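**Student:** sequence? don't have it. structure:
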C-alpha cells in the first residue's frame, strides 16, 4: 500500500514528529512525503520518497499555490 503524507512545515517540532511517524510507517509500507522546499531531510530515512514543491508554509500561500492548475497535477503525477 502507498501512504502519502503532506506537511506544510519544514523545520522545528512538527518536522521532527512527521519524520518519526513516516520513518516508522515506512518499515512496512511504501511512503511518499510531499513538503515545501527546504524540508530538513536529515530526519527521514533514505528509502523514503520526498517530493519538495513550492507549496508555501502558510495557509494563504497553500491555497494560492493549489489554485494554480499545474501544481495539483504535478503532485499527483509524482505520487502515482
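**Tutor:** Received it, and whenever you're ready, just let me know what you need. Nothing here was measured: the structure is a model prediction, and the numbers come from that model.

**Student:** output the contacting helices and strands for the longest helix seen in the chain.
**Tutor:** Ranked by residue count under DSSP state H, the longest helix found in the chain is helix 13-25. Packed against helix 13-25 by the contact rule (3 or more Cβ pairs under 8 Å, 6 or more residues apart in numbering; DSSP states H and E) you find strand 2-6, strand 30-36. To be clear about C-beta, it is placed using only N, CA and C from the backbone, and glycine gets the same treatment.

**Student:** so what strands line up beside the next helix or strand after the longest one?
**Tutor:** So the one you mean is strand 30-36. Where DSSP states H and E defines the elements, the next helix or strand beyond strand 30-36 is strand 49-53. Using DSSP bridges, the strands paired with strand 49-53 are strand 30-36 (parallel).

**Student:** show me where pLDDT drops low in this structure?
**Tutor:** 55-69, 71-72, 74-76, 78-80 (pLDDT under 70).

**Student:** kindly recompute the last result at 80.
**Tutor:** 8-12, 53-80 (pLDDT under 80).

**Student:** before we move on, back to that, single out the most deeply packed of the helices and strands packed on helix 13-25.
**Tutor:** Comparing the helices and strands packed on helix 13-25 by mean neighbour count (mean count of other Cβ atoms under 10 Å), strand 30-36 comes out on top with a mean of 20.
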